[in-house]
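Asker: Just need the structure, nothing else, for what follows:
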Amino acid sequence: MPASQAQRPGRRARLAGLLSWRTISGKLIIGLVVLFGLAGAAVSVVTADSLNNSLQSSLDQQLQSATQTWFTCVQSQDGDNDHDNPGQNDSDDSGQADAYQADPNGYVECSGQGQAPGTFEVLLKGKSVQYKGTVQEACPLSASDTATLAALKVATNQNPPDSSNTSNPPEPDDSGPTSPPAPPHEVTLPSLGGEYLLTKVPGPEDGTDLVTGLPLSMVDGTLSRVEDTEHEVFAGVLLLAVILGAALVELSLRPLRRVAATATTVTELPLDSGEVTLPAGVPDNDPRTEVGRVGAAFNRMLFHVEKALGRRAASEARLRRFAADASHELRTPLSAIRGYAELALRHPGPVPEEVTHALRRVQSESVRMGVLVDDLLLLARLDAGRPLEREPVDLSRLAIETTSDARVARSDHRWRLDLPDEPIVVNGDEHRLHQVLANLLSNAGKHTPPGSTVSVALTADPPLPGDSRETGSVQRGVLPPGPRVELSITDDGPGIPPELLPELFERFTRADTSRARDSSASGKSTGLGLAIVDAVVAAHAGCISVTSRPGMTRFAILLPLLREPADQPQVTAV
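Answerer: The predicted model follows:
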């Protein structure tokens, strides 16, 4: 696999970790994005509200100025109409109406006098429109909109200038209305296509009203553009915050990843036995930073663990040497005790019965103690890594021989043998493998009641074993690479107590008396049989597993298979 392809899963995992709320980096980045988002939303709300108030105030001032301009122009136009009809009575309302009707478009000139584009101007007389217009736009005012304008409340605080002096009309004043400002109204006029801010003030003549309006679309359009710009800017800022935040967090947490990588390396080491060399500590141990304090504490922990493991390894080495030396030294006196007991039993003269029984017990216990010493010596040598003999071993023949011996020793059991057609050959120590099979078959005979069935099976290239963490299952050793062979011993006895399974292969572990049906045999057990099985299988680069429940107990040994045995030089144990 190319290196780039091998690094992709790691990069994807780191990226997923950066964006996951479960990790510190993910929490930091998500918190940073949330803070930026909240800050952006607050700035957007405050900016929009402030800008809206400013634009509304400016529009209101512009509307008041437009109202004054429209009022002044209409007043001036009225003065011109009165000047053109000097014989007309000023108090004659019909004459005023005739003046409006005589020149209905006489106010067109007012629409262009200092008004902003889109300014809406209407002259009402009662509920009828005498004039309507907008600056630079058409004014299709509908009947419903006319009724809406007529229903607006007239500003009562608006005091227009005196229009009786028609000879000298006042000049338009663009600086704003001289009277108090008229209250604005926000009105929707569908015929004009939107909302307008309107004022309604009394006209220069009785019965007339002047309506002035400015579209709110200018304010809405400005706010919309500002909001769109803010959204784009804030989106860019959030994206930049995610990218830069991820890079900064990735860089800041790199020492923690080194600590995690070192800890992972330590967990992969075999710490249960033997000498162990721990990896060097992490370089990030600056006490002025949080990560540095974590690194310094981790380095101190590694130092203490390494010292403890060194002491444990030295203690185990001393214990192995003691067990080996003691076992070796005890063999000679045990042999002497056994010999003298046999010699005393051969005495030709009369010997009291009590003495004879005592001598037989001495002989029996010396034999048992000799077996125990031999087992301890074997375990000590295996623990010390002494090499075993390596030669092709026919497991099929070993299975036949050991099963035959077990059938003779335990004739009250049913023994079954399932072997393949072709011999199964492995590379190993024949004597030790024979001892493994003999120990397992002896345990099956001792700890099952008479009439139980014990099956011995040999299989080449078996399927992979199940999960050893399931209930009632224990596995020891590392699964050998293929091709492999499986040797299994299965019985239908009461099973092994669940609380005993985790320690089944430890030394001096004995089964519960409820399983040990043969009390005499159980009393002679040293508690080292399964420990020897485990050590010998491990020395052959294999593994052993046991699965037990009431009615079924199965020991399975997996060893590397030797398909084409060749003549190999014999390696003698040191």
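Asker: This structure: strands as residue ranges?
Answerer: Secondary structure of the chain (DSSP state E): strands at 120-125, 128-134, 185-189, 194-202, 208-215, 391-394, 414-418, 425-428, 453-460, 473-477, 484-491, 543-549, 552-560.
Asker: Now the third one: buried residues?
Answerer: If you call a residue buried by 16 or more other C-beta atoms under 10 Å, then strand 185-189 has these buried ones: His185, Val187, Leu189. Where C-beta positions appear, they are placed from N, C-alpha and C, glycine not excepted.
Asker: With mean pLDDT as new columns, can the strands of the chain be given to me in TSV?
Answerer: Shown next, in TSV, are the strands of the chain (pLDDT from 0 to 100):
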stretch	mean pLDDT
strand 120-125	79
strand 128-134	68
strand 185-189	83
strand 194-202	84
strand 208-215	83
strand 391-394	91
strand 414-418	93
strand 425-428	90
strand 453-460	92
strand 473-477	85
strand 484-491	93
strand 543-549	91
strand 552-560	92
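Asker: Dump those to JSON lines, plus distance to Leu530.
Answerer: Shown next, in JSON lines, are the strands of the chain (distance: least, C-beta to C-beta, whole Å):
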{"stretch": "strand 120-125", "distance to Leu530": "103"}
{"stretch": "strand 128-134", "distance to Leu530": "104"}
{"stretch": "strand 185-189", "distance to Leu530": "93"}
{"stretch": "strand 194-202", "distance to Leu530": "92"}
{"stretch": "strand 208-215", "distance to Leu530": "96"}
{"stretch": "strand 391-394", "distance to Leu530": "21"}
{"stretch": "strand 414-418", "distance to Leu530": "20"}
{"stretch": "strand 425-428", "distance to Leu530": "19"}
{"stretch": "strand 453-460", "distance to Leu530": "16"}
{"stretch": "strand 473-477", "distance to Leu530": "9"}
{"stretch": "strand 484-491", "distance to Leu530": "12"}
{"stretch": "strand 543-549", "distance to Leu530": "9"}
{"stretch": "strand 552-560", "distance to Leu530": "9"}
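Asker: Of the ones you listed, which is nearest Gly529?
Answerer: Minimum separation from Gly529 across these (C-beta to C-beta) falls at strand 552-560, 11.4 Å.
Asker: So in that sheet, which strands flank the closest one, and in what orientation?
Answerer: Here strand 552-560 has these sheet partners by DSSP bridges: strand 484-491 (antiparallel), strand 543-549 (antiparallel).
Asker: okay if I get these as a markdown table plus mean neighbour count and distance to Ala150?
Answerer: Listed next are the strands paired with strand 552-560 as a markdown table, based on neighbours: other C-beta atoms under 10 Å; distance: least, C-beta to C-beta, whole Å:
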| stretch | mean neighbour count | distance to Ala150 |
| --- | --- | --- |
| strand 484-491 | 22 | 102 |
| strand 543-549 | 21 | 97 |
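Asker: Reformat those into JSON lines and put distance to Ser54 next to each item.
Answerer: Converted to JSON lines, those look like this (distance: least, C-beta to C-beta, whole Å):
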{"stretch": "strand 484-491", "distance to Ser54": "84"}
{"stretch": "strand 543-549", "distance to Ser54": "81"}
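Asker: Figure out which of the ones you listed is closest to Pro498.
Answerer: Closest to Pro498 of these is strand 543-549 (C-beta to C-beta; 8.1 Å).
Asker: what about the longest helix along the chain, average pLDDT?
Answerer: Ranked by residue count, the top helix of the chain under DSSP state H comes out as helix 24-84. Mean pLDDT, helix 24-84: 80.
Asker: residue ranges with poor pLDDT in this protein?
Answerer: In the predicted model, the chain carries pLDDT under 70 at residues 1-22, 77-114, 130-138, 157-180, 272-274, 465-471, 510-526, 563-574.
Asker: Let's see that with 50 instead.
Answerer: 1-9, 83, 85-105, 159-179, 513-523, 565-574 (pLDDT under 50).
Asker: of the strands of the chain, which approaches Thr156 most closely?
Answerer: That would be, of these and by C-beta to C-beta, strand 194-202, which comes in at 8.5 Å.
Asker: Show me what the closest one is packed against.
Answerer: Packed against strand 194-202 by the contact rule (3 or more C-beta pairs under 8 Å, 6 or more residues apart in numbering; DSSP states H and E) you find helix 24-84, strand 185-189, strand 208-215, helix 217-252.
Asker: winner for burial among those?
Answerer: Of all the helices and strands packed on strand 194-202, strand 208-215 has the most neighbours on average by mean count of other C-beta atoms under 10 Å, namely a mean of 24.
Asker: now the angle between strand 185-189 and that strand, please.
Answerer: 80 degrees (axes from the mean of the first three to the mean of the last three C-alpha atoms, to 10 degrees).
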